[in-house]
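# What would the 3D arrangement of this be:
(chains A, B and C)
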Amino acid sequence: MRPKACRAEAGIPELPEVETVKRQLAEAVTHLRFAVVEAIEPAMLRDTTEEQLRTELPGRTIVHVCRLGKFLLLKMDGQRHLHLTLHLGMTGQILVTPYGKVQAGADGPHTRFVFKLVKDDGTFARFEFRDIRKFGRVHLTGNGPAPKLRDLGPDAWIGDWDTRYLKDRLRGRRAPIKAFLLDQRNLAGIGNIYADEILWWAELAPLRPCGTLTVEEVARLAAEIRLTLEEGVRRLGCTVADFVDIEGRPGGFQERLRAYGRQGQDCVRCGEKIIRVIIAGRGTGYCPGCQR
DNA sequence: CCCAAGTCCTGGTTGC
DNA sequence: TGCAACCAGGACTTGG
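Below is the predicted model of the structure:
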């Protein structure tokens, strides 16, 4: 079985988008071995020198691909627990293509890393990390995942946390609830778009100070975090690579938005106009009518 | 020119 | 007053 061509991108990568990439990547590269590593943009490296990437990765086989929040982790075989950790930043894309297709194998203007992978049967695949804005990051670490991952809270979608955890973390804080959701140390994986959508579903105003949420509201928030991300994963899981628009969002995503980017339009729940404010330095859409 | 985004960094503020 | 925790805002980057 040859490695399947895979083009994984999905607009701004938040948890559901990264989960989609993770699934496609796992399918495409698990059990393949690194052969040649090319770091075109070494400035995107963390915890790692270009030299280490070039010398330590070749010969190692990918045994597992997983995700924590917005981070992708590729675990290698061998004793040293070598991990390649990827963050897609804002505009990162992963492309995996079998070699032999001239068109598929070419560097683009935004190609930042290229990994040549080899399979048991001797065929090769090209694993490319593209990133227009270079906010993406690549870590190669021995003895476990990148140190950065230790600062992350539990995975917002499938992590081990509950209403009690949220309540404890929110207590006494004056920062707006939206800023709390964006802080990866609390929960990992929520970005600007899903934060707005979660707060709309939970009927909570994004400016509400964390500490003012009632137990009932925290329970609502906890439920909507799981449900909104679940829906995102399900929808993007249906987004076959070929359907993904080069420009950004996969089909069906934009029309599902209830708050983010809908300023000036009617709230589909109460009819009030969605407004836009800046919170935590980020554009925020919400309904002043029903989000309290 | 300004805007968007995720994360890192800095410096100022709050409250015990 | 001291100090840690907290919080706001700028830097980074590029294309629309």
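# A:R171 touches A:P209, doesn't it?
No: assessed by C-beta atoms under 8 Å, A:R171 is found out of contact with A:P209, at 11.1 Å. Backbone N, C-alpha and C define where each C-beta goes, glycine included.
# From the neighbour counts alone, determine which of the two ranks first.
When A:R171 and A:P209 are compared on other C-beta atoms under 10 Å, the one with more neighbours turns out to be A:P209, at 15 against 11.
# Could you check how far whichever residue of chain A sits closest to DNA strand B is from A:C210?
Closest contact between chain A and DNA strand B, by C-beta to the nearest atom of the strand, is at A:G191 (2.4 Å). Look at A:G191 and A:C210: by C-beta to C-beta, to the nearest Å, they are 18 Å apart.
# what about the nearest residue to the residue of chain A closest to DNA strand B once chain neighbours are set aside, how many neighbours?
In this structure, A:G191 finds its nearest non-sequential neighbour in A:E14, 3.7 Å apart by C-beta to C-beta, 6 or more residues apart in numbering. Burial of A:E14 is recorded as 23 neighbouring residues (other C-beta under 10 Å).
# ok, now which ones touch A:E14?
Neighbouring residues of A:E14 by C-beta atoms under 8 Å, 6 or more residues apart in numbering: A:K70, A:G189, A:I190, A:G191, A:N192, A:I193, A:Y194, A:G232.
# show me the residues around A:E56 that make contact.
A:L82, A:L140, A:G142.
# Just read off the phi/psi values of it.
Main-chain torsions, A:E56, degrees, to the nearest 10: phi -90, psi -20.
# got it, and the one 5 residues further on?
A:T61 has phi and psi values of phi -100, psi 140 when expressed as degrees, to the nearest 10.
# is it true that it touches A:L74?
No: between A:T61 and A:L74 there is no contact under C-beta under 8 Å: 10.3 Å.
# In terms of neighbours, single out the busier of the two.
Comparing A:T61 with A:L74 by other C-beta under 10 Å, the one with more neighbours is A:L74, at 25 against 17.
# Quick check: phi and psi at the more buried one.
Taking degrees, to the nearest 10, you get phi -110, psi 120 for the backbone angles of A:L74.
# One more: A:E51?
Torsion angles at A:E51 (phi, psi; degrees, to the nearest 10) stand at phi -60, psi -50.
# That one - how many residues pack around it?
10.
# dump the residue contacts of it.
Residues near A:E51 by C-beta under 8 Å, 6+ apart: none.
# swap in A:I274?
With C-beta under 8 Å, 6+ apart, A:I274 has these contacts: A:A259, A:R262, A:Q263, A:G264, A:Q265, A:D266, A:C267, A:G285, A:Y286, A:C287.
# contacting residues for the closest residue to the third one other than its chain neighbours?
The reference is to A:Q263. Take A:Q263 and drop its neighbours on the chain: the residue closest to it by C-beta to C-beta, 6+ apart is A:R276, 3.7 Å away. When contacts are counted by C-beta under 8 Å, 6+ apart, A:R276 touches A:Q263, A:G283, A:T284, A:G285.
# Mind checking which of those are in strands?
If you go by DSSP state E, those have A:G283, A:T284, A:G285 in strands.
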